[in-house]
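Colleague: Show me how the following folds:
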Amino acid sequence: MRRLALLVLAILPLAPSTARADVFLFRMPSGNVYCSVGIEAGSSDILCTIVDRSGPPARPAPADCMAFWGHVFFMRDTGPVEMECTDRHLDSRLAASVQDVAPYGVTGSFGGIVCLSLQTGLECRNASGHGFKLARGAQIVF
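Modeller: A predicted model of the protein is given here:
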């Protein structure tokens, strides 16, 4: 499946894909979390960027990461969450173009991924039980 990094301004290369994916973009009402969801036959993935965060990152940065760490989270419909080491942050022009807002209290289901928008942050979980919770004060990967 394509890695859909539309919100992160060219920080992730697009992997080749033989199937066409549907792409959904949304943001949290706070404007602090932006996500891109890709769904195609038999698989789905989500890439979320948290703009402003405090506290330590959900996982320590790898030794070879010399760029932004702790802002970009990627997850497929099964398997563990991946955190991305990026050389750029969220592009404000692209962020401003995301019109779909996930109101607090709403659950979205994207193939094998389910996300819940809460005032305390965005929580997403996949069919394997892995997931993340993104909030300004803490980012958790499980």
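
Colleague: now the helices for this structure?
Modeller: 92-97 (DSSP state H).

Colleague: quick one: low-confidence parts of it?
Modeller: Within the chain, the stretches with pLDDT under 70 are 1-20, 88-94.

Colleague: Mind doing that once more with 90?
Modeller: Applying pLDDT under 90 to the predicted model, the residue ranges of the chain that meet it are 1-24, 41, 55-56, 86-99.

Colleague: How about the residue most central in space within the chain, nearest residue that isn't a chain neighbour?
Modeller: For the chain, the residue whose C-alpha lies nearest the mean C-alpha position (CA atoms, centre = their mean) is residue 48; its distance is 1.5 Å. Nearest residue to residue 48, sequence neighbours excluded (CB to CB, 6 or more residues apart in numbering): residue 35, at 4.2 Å. (C-beta placed from N, C-alpha, C; glycine too.)

Colleague: That neighbour contacts residue 26, doesn't it?
Modeller: Yes: at 5.6 Å, residue 35 counts as touching residue 26 under the criterion of CB atoms under 8 Å.

Colleague: Counting neighbours, which bits of stretch 122-141 end up buried?
Modeller: 122-126, 130-136, 139, 141 (16 or more other CB atoms under 10 Å).

Colleague: before we move on, the earlier item: more crowded one of residue 35 and residue 26?
Modeller: Using other CB atoms under 10 Å as the criterion, residue 35 and residue 26 rank with residue 35 on top: 26 against 23.

Colleague: List the contacts of residue 140.
Modeller: When contacts are counted by CB atoms under 8 Å, 6 or more residues apart in numbering, residue 140 is found next to 58, 132-133.

Colleague: Make TSV from these and add distance to residue 76 to it.
Modeller: Below are the contacts of residue 140 laid out as TSV (distance: CB to CB, whole Å):
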residue	distance to residue 76
58	17
132	13
133	18
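
Colleague: which ones among the buried residues of stretch 122-141 are found in strands?
Modeller: Secondary structure assignment (DSSP state E) places 122-126, 131-134, 139, 141 from the buried residues of stretch 122-141 within strands.

Colleague: If residue 44 is in a bridge, with which residues?
Modeller: Under DSSP bridges, the beta-bridge partners of residue 44 are residue 39.
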